[in-house]
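K.L.:
kindly generate the corresponding structure for this input.
(4 chains, ligands or ions: 2)
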2 protein chains.
Amino acid sequence: MVIDINLSTPLRVGRQEAPSIPQPSLARLPQYHHYLVDLAAKGITQTTCSVIGRDLGLIPVQVRKDLQHTGIIGRPKTGYSVAELIQAIETFLGWNNINEAFLVGAGNLGTALLGHERFSKFGLRIVAAFDRDPAKEGQWIHEKAVLPLEELADLAQRMSIHLGIITTPPEAAQAVADEMVKGGIQAIWNFAPVKLKVPEHIIVHNEDLYSTLATLSWKLARRFRVSLKEKEAV
Amino acid sequence: MVIDINLSTPLRVGRQEAPSIPQPSLARLPQYHHYLVDLAAKGITQTTCSVIGRDLGLIPVQVRKDLQHTGIIGRPKTGYSVAELIQAIETFLGWNNINEAFLVGAGNLGTALLGHERFSKFGLRIVAAFDRDPAKEGQWIHEKAVLPLEELADLAQRMSIHLGIITTPPEAAQAVADEMVKGGIQAIWNFAPVKLKVPEHIIVHNEDLYSTLATLSWKLARRFRVSLKEKEAV
DNA sequence: GTAGACTCGATCCATGGTTATCGATATAAA
DNA sequence: TTTATATCGATAACCATGGATCGAGTCTAC
Ligand SMILES: NC(=O)c1ccc[n+]([C@@H]2O[C@H](COP(=O)([O-])OP(=O)(O)OC[C@H]3O[C@@H](n4cnc5c(N)ncnc54)[C@H](O)[C@@H]3O)[C@@H](O)[C@H]2O)c1
Ligand SMILES: NC(=O)c1ccc[n+]([C@@H]2O[C@H](COP(=O)([O-])OP(=O)(O)OC[C@H]3O[C@@H](n4cnc5c(N)ncnc54)[C@H](O)[C@@H]3O)[C@@H](O)[C@H]2O)c1
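P.N.:
Residues are numbered from 1 along each chain as shown, chains lettered A, B, ... in the order given. Ligands and ions are numbered 1, 2, ... in the order given. Model (predicted):
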């Protein structure tokens, strides 16, 4: 049997292109953002890493490091300007320029995402949905048209859509992804629990709810195992 | 001004209780599971880390390590039995024992989760929903009753519910969490983008969709910055 | 105006998850 | 039966992230 030499190559996602910010830090930035917007709404204009850290369950040093990636500069003793921080995070994340997106799979989850207006505050506007189900084609869900999948590639190209969201059943996800790639879509937000095969330059992020579920159920199961053992020990 | 000494203490989540498996490995297990179930459906009974790794974009060593945590043992040259692997993962994650759960916030997202029957294959059964909206109380969504929030604590206790899911707006999340804790709920799956304050022994997992969104939009923004620069260079 | 204290920013160290390596073993082919 | 080889399991090196430390600056209080 001939074994593909690629089997053992460390094929990370793409070739990383110098992340310049740790992935965990990037993931924490939205949390700071939410928190800071809250502060601003309360009329607070100034804050420090210590305070942020206390409220978010992080140590000050980490907060400071995370925020430094956005290019913000603080002042000793005073901390940071809340408004500037919010601005810095939004600019850094690209939330000032709206990304228009197509969503495929107007089912349970797809409908929920389509109805989430708040996304527009975070640089995301879902402009249309696609579905294979003839009963759904032509309908409007949360003010968004549901179109047949065949039109996706062409429309994406004409409208310069760069982001695609997949909320179809797992069996359909790969075919949908292929269609998106054909339409020139650059990044895919995938809610189906499958590994998508796409060209290297496509950015893919999986939102695997089952992963979280696994963590939760494992921890719960372990807890009950432990407390069971404690009972036995008594 | 007196500053709380706790500000700079490294307060991790709870006291970790010896994880015994790296969090990332734990999060990958469901992906193996999905993949293996697919294999089994195709009639494949035997597989190796190299093959799994190739299909899932991981290197064989990592696959092997991840799977070892489940206690499975493989055979040189042959690999693992697919059926045994599936069984091992399910047992390890506690997916054989169903966790019953309450969901609070029967809105867009909550409805989607309530309608996801497939969760029951992964050890999760949402048995009831709660909402503050009088228009929703008494309704049935996807065959689940929507009850007033006031009944949650009492019912959770009487039914021995250990898992709570929060899909309310962020402003309401903390109050809901408090209610859950009062009802003796052990673990919370939180979809609202806020940091919940709960007693130390409560397991909390945030499903922060905005984190993923941040990563995506940052990568997209960077890509366009880069390609812009390249153009300028020409 | 000056002393003191608090916070930022930068550098250094520790921890832990990922990757590479090596011996042992079982299968398949000769 | 023997030999070749692919895979497992374990160990060790590596690297990224998280946490600690220290100097410098600025605000506050006396
Ligand atoms: N709903 C949830 O709570 C939830 C939770 C975890 C994961 N997921 C995942 O999200 C995905 C969607 O879940 P859901 O509950 O919304 O499913 P769903 O069945 O409600 O919706 C799927 C939609 O996709 C459409 N579809 C099917 N094949 C298609 C194709 N080839 N092209 C275009 N559209 C197609 C269907 O018509 C349907 O409208 C699934 O992969 C599921 O595993 C959902
Ligand atoms: N829908 C999405 O796609 C999406 C995406 C990302 C994050 N989220 C987050 O998920 C959460 C829910 O989003 P959604 O779109 O479903 O919102 P939604 O407004 O559609 O639903 C919220 C539901 O919670 C109920 N509610 C409000 N206050 C309550 C309380 N105190 N007790 C009980 N129920 C209460 C409301 O009546 C409503 O039914 C939000 O925190 C949101 O930020 C949603």
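
K.L.:
near DNA strand D, which residues of chain A are found?
P.N.:
Taking Cβ under 7 Å from any atom of the strand as the criterion, chain A approaches DNA strand D at residues A:1, A:3, A:19, A:22-25, A:58-59, A:61-62, A:65, A:75-78. C-betas here are computed from N, CA, C, even on glycine.

K.L.:
of those residues, grab the buried ones for ChimeraX.
P.N.:
Command for ChimeraX that selects the buried part of the residues of chain A next to DNA strand D, burial taken from 16 or more other Cβ atoms under 10 Å in any protein chain shown:
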select /A:25,58,59,62
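
K.L.:
from the residues of chain A next to DNA strand D, which is closest to DNA strand C?
P.N.:
Nearest to DNA strand C among the residues of chain A next to DNA strand D is A:P76, at 3.3 Å by Cβ to the nearest atom of the strand.

K.L.:
restrict the residues of chain A next to DNA strand D to contacts with DNA strand C.
P.N.:
Within those, those near DNA strand C by Cβ under 7 Å from any atom of the strand are A:61, A:65, A:75-78.

K.L.:
which residue, other than its chain neighbours, is closest to A:P193?
P.N.:
Leaving aside its chain neighbours, A:P193 sits nearest to B:H34 (4.9 Å; criterion: Cβ to Cβ, 6 or more residues apart in numbering or on different chains).

K.L.:
enumerate every residue touching the one you found.
P.N.:
For B:H34, the contact set (Cβ atoms under 8 Å, 6 or more residues apart in numbering or on different chains) comprises A:170, A:193-194, A:210.

K.L.:
next one: A:T167
P.N.:
So A:T167 contacts A:103-107, A:109-110, A:113, A:191-192 (Cβ under 8 Å, 6+ apart).

K.L.:
farthest-apart pair in the residues you listed, please.
P.N.:
With Cβ to Cβ as the measure, no two of the contacts of A:T167 lie farther apart than A:A106 and A:A192, at 14.0 Å.

K.L.:
mind listing what's buried in stretch A:104-117?
P.N.:
Using 16+ other Cβ under 10 Å as the test for burial, stretch A:104-117 gives A:104-116.

K.L.:
now do stretch A:215-234
P.N.:
Residues of stretch A:215-234 classed as buried by neighbour count (16+ other Cβ under 10 Å): A:215-223.

K.L.:
thought A:A106 was touching A:E137?
P.N.:
No: with contact defined as Cβ atoms under 8 Å, A:A106 and A:E137 do not form a contacting pair (9.4 Å).

K.L.:
which neighbours do those two share?
P.N.:
In contact with both A:A106 and A:E137: A:131, A:146, using Cβ under 8 Å, 6+ apart.

K.L.:
where are the low-confidence patches of chain A?
P.N.:
Scanning chain A for pLDDT under 70 picks out the ranges A:1-19, A:234.

K.L.:
show me where chain A has helices.
P.N.:
Taking DSSP state H to define them, one finds helices in chain A at A:23-41, A:49-56, A:60-68, A:82-93, A:108-114, A:152-159, A:170-182, A:209-233.
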